[in-house]
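**Q** Pasting a predicted model and its sequence here:
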Amino acid sequence: MADRRLHVFHTVAQLSSFTKAANRLHMTQPAVTFQVKQLEEQFNTRLFDRNHNRITLTDAGQTVFDFADKILNLYEEMENSVGELTGEMRGVLLVGASTTIGEYLLPRVLGAYRAAYPAMKVRMNVANTRDILQQVENNTIDIGIVEGAVNNANLAIRECQPDQLVAIFPRGHQLAAKDRVTPAELLDYQFVLREEGSGTREVLADYIRDGGADSNKLDIVMELGSGESVKGAVESGMGISVVSQATVRKEAQLGTLEVRPLDPVLERAFSFVHQKQKFRSQAVERFYQFIQEQCKKGDPWEEAETASGASGVAVQR
């Protein structure tokens, strides 16, 4: 394996945080600090300046980081080349997923991926779309899977799977008497929504504007950080919302929520986002191809049954 100290140092420098690096690497913070200290002792110089709980690279640290980046990339290329010869994929794949995908959809697929490539380890980071795009751009994850449109010329984008959004209400709500709900009708009721930066929230605002209404008139009474909390608030009668159809299948079957399609239909795409040079990595390319193959077979989010905690998949939030 490539020098462990370099890998730890490189991760700390990327994230500008010993704590975040420890979480990413599944290490204790003292262990991360020890690895960096060993590297500093080897070079007999400080690699980080530490001021007021903030760390920055020293000039020597920047030099080490630049070389570490090249060394670790070369090591990955070596692993990929050997894997191509032996037919075995191995290594660690860092996947970022926006909240809807990471909480409800992708975990069902990762188990199947691990079964196909047992020597691969997958670490999944779940955050909102804006944060995942930033992590891809900063090269702290290998690939992101996000909801909605992505407008970033620095990143490569490939659409994977369509997703339909639906309106949800508490049981007995007035809109439950309708077969479909229009954008204008949504504005008559209080809303429970995800936080700013959520792909679902941005798609909804665009949908209302495209329907000729003013999205600024949305009466948002509550902003929450996860899909589960949004559904719980709607069930409790705190408002209505618009969510991915894939996230409310269970509630629709049990009748705990009223679920109605929108008119016109609101669809978006789940997209793969990566650094343009990242598809040189065999691991990233194979992962993309695997998801595409699952999509061609049907709905991969519905068919796959393995949960995210199984088969060596680590989930970070």
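**A** Structure received.

**Q** Where does the residue most central in space within the chain sit: helix, strand or coil?
**A** To find the centre residue of the chain, average its C-alpha atoms and take the closest one (C-alpha atoms, centre = their mean): that gives residue 97, at 1.3 Å. With DSSP: H, G, I helix; E, B strand; the rest coil as the basis, residue 97 sits in strand.

**Q** I'd say it and residue 132 touch.
**A** Yes. Here residue 97 reaches residue 132: they are 6.8 Å apart, a contact under C-beta atoms under 8 Å. For every residue, glycine as well, the C-beta is placed using N, CA and C.

**Q** which neighbours do those two share?
**A** Overlap of the contact sets of residue 97 and residue 132 (by C-beta atoms under 8 Å, 6 or more residues apart in numbering) consists of 125, 144-146.

**Q** Could you tell me which of the residues you listed belong to strands?
**A** Secondary structure from DSSP state E places 125, 144-146 of the shared contacts of residue 97 and residue 132 in strands.

**Q** Could you export those residues as TSV, including neighbour count?
**A** Putting these into TSV (neighbours: other C-beta atoms under 10 Å) gives the following:
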residue	neighbour count
125	21
144	28
145	26
146	29
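
**Q** Make CSV from the residues you listed and add distance to residue 263 and pLDDT to it.
**A** Formatted as CSV, these follow (distance: C-beta to C-beta, whole Å; pLDDT from 0 to 100):
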residue, distance to residue 263, pLDDT
125, 36, 88
144, 31, 92
145, 28, 91
146, 26, 91
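
**Q** Looking at these, spot the one nearest residue 47.
**A** Closest approach between these and residue 47, by C-beta to C-beta: residue 125, at 24.8 Å.

**Q** do you know how far that closest one is from residue 98?
**A** Using C-beta to C-beta, to the nearest Å, one obtains 10 Å as the distance from residue 125 to residue 98.

**Q** overlap in contacts of those two?
**A** Counting by C-beta under 8 Å, 6+ apart, the contacts common to residue 125 and residue 98 are residue 132.

**Q** What residues of the longest strand seen in the chain count as buried?
**A** Residue-count comparison of every strand in the chain, with assignments taken from DSSP E, identifies strand 258-275 as the longest. The neighbour-count criterion (16 or more other C-beta atoms under 10 Å) identifies 258-260, 262, 266, 268-275 as the buried residues of strand 258-275.

**Q** same deal with stretch 245-257?
**A** Of the residues in stretch 245-257, those scored as buried under the neighbour-count criterion (16+ other C-beta under 10 Å) are 245-248, 251, 256-257.

**Q** what does stretch 228-245 give?
**A** Within stretch 228-245, the residues that count as buried by 16+ other C-beta under 10 Å are 230-231, 233-235, 238-245.

**Q** do stretch 283-291 as well
**A** In terms of neighbour count (16+ other C-beta under 10 Å), stretch 283-291 has its buried residues at 283-284, 286-288, 290-291.

**Q** and that stretch, average pLDDT?
**A** The average pLDDT for stretch 283-291 rounds to 83.

**Q** can you give me the strands in the chain?
**A** According to DSSP E, the strands that the chain contains are 48-51, 54-57, 91-98, 120-127, 143-147, 155-169, 190-194, 219-224, 241-244, 258-275, 313-316.

**Q** Among the buried residues of stretch 283-291, which pair sits farthest apart?
**A** Using C-beta to C-beta, the two most remote members of those are 283 and 291, lying 13.1 Å apart.

**Q** Could you tell me how far stretch 188-195 lies from the centre of the chain?
**A** In this view, stretch 188-195 has its centroid 23 Å away from the chain centroid, taken as C-alpha atoms, centre = their mean, to the nearest Å.

**Q** of all the buried residues of stretch 228-245, which two lie farthest apart?
**A** Of all pairs drawn from these, the greatest distance, 21.1 Å, lies between 238 and 245 (C-beta to C-beta).

**Q** can you redo the strands of the chain as TSV with distance to residue 107?
**A** Written out in TSV, the entries for the strands of the chain read as follows (distance: least, C-beta to C-beta, whole Å):
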stretch	distance to residue 107
strand 48-51	35
strand 54-57	33
strand 91-98	9
strand 120-127	8
strand 143-147	12
strand 155-169	15
strand 190-194	19
strand 219-224	20
strand 241-244	14
strand 258-275	14
strand 313-316	7
